[in-house]
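Undergrad: Sequence first, then the predicted structure:
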Amino acid sequence: MNGFKIAEIGSLNAASVEIDKIPSKGRYLVFLNHYFHITTAHISSIDYKYRAIRDALVRLFQRNFNVLVVMQSPHTSQVGWPKHYEAGDMLGHEIMRLQKEIFHEIRHKVIYFNTWDLTVATANMNFHPEAAHQILTTLLGFVSRKF
């Protein structure tokens, strides 16, 4: 795409597959952030991916009680690319609706980290938010008290 190799074929695994690999013992932080990495696909594939992740998390919570799961909301970005399935703010709101609907049954076990307002307030224009440092600092500050 841009001349840089970002991954080998076969090296990218579904989040649900990786969640299923987490052992029954030990303390783990699972951070889910899929927004722009899934917007190039049809919305139905996002629904499918989230349902597979939810099912994997249910299995994980049954075998390991020392897991902290954080799901990040979408963030705003006004920069798209050709043939990009970006519907601007409406797509972000639809993904947030899907996240809340699909993960409703396990909402008491998944921390929903809403970064939408922060990226609106900072007028984010990039795929990776310019406020990424603030987002990470906030997340780590919160998680360190829970872990």
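TA: Yep, it's here.
Undergrad: make it CA atoms for all contacts and neighbour counts henceforth
TA: Noted.
Undergrad: And Phe142, how far from Ser73?
TA: Distance of Phe142 to Ser73, given as CA to CA, to the nearest Å: 16 Å.
Undergrad: So Arg97 belongs to a helix, correct?
TA: Yes. Under DSSP: H, G, I helix; E, B strand; the rest coil, Arg97 falls within a helix.
Undergrad: residue contacts, it?
TA: With CA atoms under 8 Å, 6 or more residues apart in numbering as the criterion, no residue contacts Arg97.
Undergrad: Equivalent analysis for Val69, please.
TA: Val69 touches 29-32, 109-111, counting by CA under 8 Å, 6+ apart.
Undergrad: rerun at 7 Å
TA: Residues near Val69 by CA atoms under 7 Å, 6 or more residues apart in numbering: 29-31, 110-111.
Undergrad: Lys25 too?
TA: Per CA under 7 Å, 6+ apart, neighbours of Lys25: Asn64.
Undergrad: That one belongs to a helix, doesn't it?
TA: No. Lys25 is assigned coil when assessed by three-state DSSP, not a helix.
Undergrad: got a pLDDT number for it?
TA: The confidence metric pLDDT takes the value 97 at Lys25.
Undergrad: Same check on the one 5 residues further on?
TA: The score at Val30 is 95. That number is its pLDDT.
Undergrad: For Gly92, which non-adjacent residue is closest in space?
TA: Pro74 (5.6 Å; CA to CA, 6 or more residues apart in numbering).
Undergrad: I should have written Ile102 there, sorry.
TA: In space, Ile102 is closest to Arg51, 6.4 Å off (CA to CA, 6+ apart).
Undergrad: Could I get the buried residue list for the strand or helix carrying that neighbour?
TA: Under the criterion of DSSP states H and E, Arg51 resides in helix 43-63. Under the neighbour-count criterion of 16 or more other CA atoms under 10 Å, helix 43-63 has 43, 46, 49-57, 60-61 buried.
Undergrad: Which two among those residues are spaced furthest apart?
TA: Spatial extent of the buried residues of helix 43-63 (CA to CA) is set by the pair Ile43 and Phe61 at 26.9 Å.
Undergrad: In contact with Ile106: list those residues for me.
TA: Ile106 makes no contacts at all, as judged by CA under 7 Å, 6+ apart.
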